[in-house]
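> here is the input, now give the coordinates:
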Amino acid sequence: MYNYKRPIKKAYHWKHLTVNKLVLAVMIMSTRNTNILAHPDEPEIVTFEPNMARTNFDTNMSIIVKNHFAFIQNRTIVVSVAGNNCVNPKTYKNNTINCTVHRLTNPEKTNGPVIVEYRFSEPPALESPIIIRSVKHFEFNVPAKINHNFTKCISTTKGGIINMTGEFLNYTKNVKVQVETNYAQIPCEIILHNSNHIDCRVGPSNNSTSGKVVIFFGNKTVLEIKNFKYIDDPAIETGQTFAGIASGGIQLMIKLKGVDFTCMRNPIMYVDYNGTRIPSKCLLYKYDVKIINCQTPNLNGRGLSSVTILPLTFQVNTQQNHNFVLNATDLIDYLLYPDPTCTDFEVNSSLITINGVFLYNDYRMDDIIIRLPNSNDTICTVFAVTKKSILCKTTTPKLVFGAKDILITIGKSLTKTIMRKPFENSSNPSQLVSALSTVSKAFAFIALMLGLLYCLKTILINSRKLSENRYKKQLRDITASLDEE
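As a prediction, this is how the structure comes out:
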């Protein structure tokens, strides 16, 4: 049934008044609720088309009203569709109203009845309008929209679930999804469908290839998601060694193959130790050569006295958290070494030598940092590591010449204080020879100076004696001459 609001019937009668001997005929209006229609048949909305429309387009409405022609005499028509104005209403073939709902930017209502009002356009204008409403509702659908957050990569061998998020995705239940590649059209079975999500399960592909996800809404609306890929399962390149120390924090550079890094995120490694799986996070390090950079986990194995072999697992995720376990069918060995033990250090000019045991355990020289206490600046660059020594070259030898202790950090977790080796000079032959040479030269210089002084003194003494003897001789000669006279 359609709602109809009966008008209030108004009755009119004439009164004769005498004003200044003139008789005037005055129409007096009286109002009463007669509940009597001017026409025996009530107006009624029979149907309207379309039943739904999208808000981002203009919508041309066609509304069929029973007895419409009888009710438009001396009346104007106002039409609204689901609370939105339908402009320029025109009568067509006596019983049809055509009007247009313009594109809606921010509709307050998207669902509601079609309402037609017959408003009186000539006196008596005090009559209430005739209003009829449809029982069936019209629905405006905001256009479906897919967000950027969707599954972009699926395993070629396994297929997987494609997650799509967006808005107004359920404006119709008639939805179909498929993946289109250069080789095939692969149906995607819908497993979740609501206003903000569409999830579907797609099967594997015969090839790793690019394509697109196509969503069909009913028979007309189509959404396409490009940049979709079927990718090969990632794997680890053979011939690599993976090792670390008990305290962890050592960098591992893992080369991969068969992986598209644009699809990957959250790489992680696991080491199984004493019945516990211990994780350690990694980074996608180099896209061009497909390297991930992992830090070895801290296993707290401070009691280790020899190398231990443990199982190792690597895992990477797609952008939608689809997990790939690398080399799932192969065993990967992880070599766990004891923590390095440093005993002391020596300084010889610009060379710093750190002594100890277990110093080389397959880690990189970049993992070693040497600095002074209470300083964050490195004092030297490591250029060689052996089982018993770490060699480091410094550009500021004066800074470390008098240092009694230094700090060494290996990895991210292990930091130790090392004391200077006692009696350093006596244990270094080259330094001892250098010192003795310097002392000998000093003694030789002093002896030379003393010899020169002695010679000079002797010359002076002899010269004085020679002068005295000459003077004495002259006196004797003068005395003898006087005696002869």
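> hey, what's the most centrally placed residue in the chain bridged with?
Taking CA atoms, centre = their mean, the centroid of the chain lies closest to R265, which sits 9.0 Å from it. Note on R265: beta-bridge partners by DSSP bridges are N317.
> isn't it right up against L284?
Yes. Under the criterion of CB atoms under 8 Å, R265 makes contact with L284 at 7.3 Å. Just so you know, the C-beta spots here come from the backbone N, C-alpha and C atoms, and that holds for glycine as well.
> tell me the pLDDT at the residue nearest to the centre of the chain?
Confidence at R265, expressed as pLDDT, is 78.
> could you pull out the helices for the protein?
Applying DSSP state H to the chain gives helices spanning 68-71, 397-401, 429-484.
> any idea how many residues pack against F150?
Applying other CB atoms under 10 Å, we find 18 residues neighbouring F150.
> what's the closest non-adjacent residue to it?
M164 (4.6 Å; CB to CB, 6 or more residues apart in numbering).
> and the residue nearest to the centre of the chain, how far from K281?
Applying CB to CB, to the nearest Å, the value for R265 to K281 is 11 Å.
> so how many other residues sit close to S413?
Here the number of neighbours of S413 (other CB under 10 Å) works out to 18.
> got a list of what it touches?
Contact partners of S413, counting by CB atoms under 8 Å, 6 or more residues apart in numbering, are S247, G248, G249, N298.
> who touches the second one in this structure?
The reference is to G248. G248 neighbours (CB under 8 Å, 6+ apart): S280, Q295, T296, P297, N298, L299, G411, K412, S413.
> dihedrals phi and psi, it?
Dihedral pair for G248: phi 70, psi -170, per degrees, to the nearest 10.
> again, but for L372
Here is the backbone geometry of L372 (degrees, to the nearest 10): phi -80, psi 160.
> tell me which two of the contacts of G248 sit farthest apart.
L299 and K412 (13.6 Å; CB to CB).
> more crowded one of those two?
L299 (22 against 15).
> okay, the more buried one: pLDDT?
Here, the pLDDT recorded for L299 equals 84.
> what's the weakest-modelled helix or strand in the protein?
strand 22-31 (a mean of 38; mean pLDDT, DSSP states H and E).
> show me where the stretch 1-150 of the chain has strands.
3-4, 10-19, 22-31, 44-49, 52-54, 59-66, 75-81, 84-92, 96-101, 111-120, 130-141, 145-150 (DSSP state E, counting those that start in this stretch).
> cool, the stretch 151-300 of the chain as well?
Using DSSP E, counting those that start in this stretch, strands in the stretch 151-300 of the chain cover 153-155, 160-167, 175-181, 185-193, 197-202, 210-217, 221-231, 235-236, 243-245, 251-257, 264-273, 276-286, 291-295.
> tell me, how many residues neighbour the closest residue to G211 other than its chain neighbours?
Nearest non-adjacent residue to G211, counting by CB to CB, 6+ apart: T181, 3.5 Å away. Per other CB under 10 Å, the neighbour tally for T181 reads 18.
> and T181, what does it touch?
S205, N207, T209, S210, G211, Y230.
> any chance of the residues you listed in a markdown table, with neighbour count, distance to V79 and pLDDT too?
Formatted as a markdown table, these follow (neighbours: other CB atoms under 10 Å; distance: CB to CB, whole Å; pLDDT from 0 to 100):
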| residue | neighbour count | distance to V79 | pLDDT |
| --- | --- | --- | --- |
| S205 | 21 | 53 | 89 |
| N207 | 11 | 56 | 85 |
| T209 | 15 | 53 | 87 |
| S210 | 12 | 50 | 89 |
| G211 | 22 | 46 | 91 |
| Y230 | 24 | 52 | 88 |
